[in-house]
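1. Here's my sequence, what's the structure:
(one chain, ligands or ions: 1)
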Amino acid sequence: MSGNKLRLGVNIDHVATVRNARGGAYPDPLRAAKLAEEAGADGITAHLREDRRHISDADIDGLMEVLSVPLNFEMAATEEMQKIALRHKPHAVCIVPEKREERTTEGGLEVAREENRLAHYIAPLREAGCRVSIFIAADRAQIEAAHRIGAEVIELHTGAYCDAHAEGRFEERDRELESLREMSAFAKSLGLEVHAGHGLTYETVKPIAAFPEVMELNIGHFLIGEAIFRGMTPAIHEMRRLMDEARA
Ligand code: PXP
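-> A predicted model of the protein is given here:
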């Protein structure tokens with residue numbers, strides 16, 4: 001996982017969403033994760049939500065056991081999640097908002113107003129060797145705060161850009177893209193590693209993949225949806241192809 005190649009993290013949460021719709025064991029997110037790995041995913045992302053609506057504790061145990069690529073463990077900044085992360089020590093921990101009050105208006109984590117608490121929260125995770133990433137909006141104040149609390153990585157929220165594209169609000173989409181571009185460069189200038197994700201599709205991935213500062217994209221919902229139509233492996237291969245094309 002070194003060099004300048006743009007990494008693709010495949011988020012398998014929504015395989016668990018489908019499984020949980022029937023309360024059984026099928027389809028198995030671990031099988032999807034292994035398949036994604038074989039298809040060239042550089043990492044697997046899973047979000048253990050407080051309400052366990054998709055990924056379960058047992059899924060995280062299983063992923064830690066079977067994966068050959070790094071696990072990016074997404075979680076809210078709660079005591080319970082910190083304990084789970086410290087037990088597993090995944091390669092990366094991405095802190096995401098789950099409740100309204102933890103979010104900025106753009107949907108990323110509100111770091112600036114929670115700086116002290118978050119600095120104390122992530123310190124033991126960093127000491128345990130996890131790379132701590134903070135999921136934030138493309139907002140200068142949030143990036144500066146993420147840097148001050150000691151995060152090594154930020155993941156920029158691409159949801160507003162993707163929504164504007166999907167709804168045909170192209171001027172707004174282009175404004176969102178411009179601030180993602182500027183803030184990627186700004187974050188890198190502070191020494192932060194820059195990741196991006198949320199809502200990315202074949203139509204929206206290339207402009208983001210073209211930012212030289214972005215080192216990793218985390219993509220889930222669209223890929224799992226596309227896997228229904230063309231299968232998981234071709235769905236991932238196409239995303240990889242578009243990312244590589246944009247990067248070249
Ligand atoms: N990155 C982060 C931090 C996320 O929380 C999510 C959604 O779980 C994603 C990326 C992937 O978003 P999507 O499923 O819309 O591709």
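2. check contacts around the nearest residue to residue 99 once chain neighbours are set aside.
-> In space, and not counting its chain neighbours, residue 99 is closest to residue 76: 7.6 Å by CB to CB, 6 or more residues apart in numbering. Every residue, glycine included, has its C-beta placed from N, CA and C. Applying CB atoms under 8 Å, 6 or more residues apart in numbering to residue 76 gives the contacts 49-50, 95-99, 102.
3. Also residue 111?
-> Residue 111 sits in contact with 118, 134, 136, 142, 145-146, 149, where contact means CB under 8 Å, 6+ apart.
4. Can you add pLDDT, secondary structure and distance to residue 194 and give those residues back as JSON lines?
-> Shown next, in JSON lines, are the contacts of residue 111 (pLDDT from 0 to 100; DSSP: H, G, I helix; E, B strand; the rest coil; distance: CB to CB, whole Å):
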{"residue": "118", "pLDDT": "98", "secondary structure": "helix", "distance to residue 194": "19"}
{"residue": "134", "pLDDT": "98", "secondary structure": "strand", "distance to residue 194": "11"}
{"residue": "136", "pLDDT": "98", "secondary structure": "strand", "distance to residue 194": "11"}
{"residue": "142", "pLDDT": "97", "secondary structure": "helix", "distance to residue 194": "13"}
{"residue": "145", "pLDDT": "98", "secondary structure": "helix", "distance to residue 194": "15"}
{"residue": "146", "pLDDT": "98", "secondary structure": "helix", "distance to residue 194": "11"}
{"residue": "149", "pLDDT": "98", "secondary structure": "coil", "distance to residue 194": "16"}
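5. can you redo these as CSV with neighbour count and distance to the ligand?
-> Output for those, formatted as CSV (neighbours: other CB atoms under 10 Å; distance: CB to the nearest ligand atom, whole Å):
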residue, neighbour count, distance to the ligand
118, 24, 15
134, 27, 9
136, 29, 9
142, 26, 14
145, 22, 17
146, 30, 13
149, 22, 17
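6. Just name the closest of those residues to residue 156, please.
-> residue 136 (6.8 Å; CB to CB).
7. For that closest one, give the beta-bridge partners.
-> The partner list for residue 136 in beta bridges (DSSP bridges) reads residue 156.
8. so it makes contact with residue 107?
-> No: under the criterion of CB atoms under 8 Å, residue 136 is not in contact with residue 107, lying 9.3 Å apart.
9. Spit out the residues that contact these two alike.
-> residue 157.
10. Give me the most central residue, the protein.
-> Residue closest to the mean C-alpha point of the chain, counted by CA atoms, centre = their mean, is residue 218 at 4.3 Å.
11. That residue looks like it's in a strand, true?
-> Yes: read with DSSP: H, G, I helix; E, B strand; the rest coil, residue 218 is one of the residues of a strand.
12. what are the phi and psi values for the residue lying closest to it once chain neighbours are set aside?
-> In space, and not counting its chain neighbours, residue 218 is closest to residue 197: 3.6 Å by CB to CB, 6+ apart. Main-chain dihedrals, residue 197, degrees, to the nearest 10: phi 170, psi 170.
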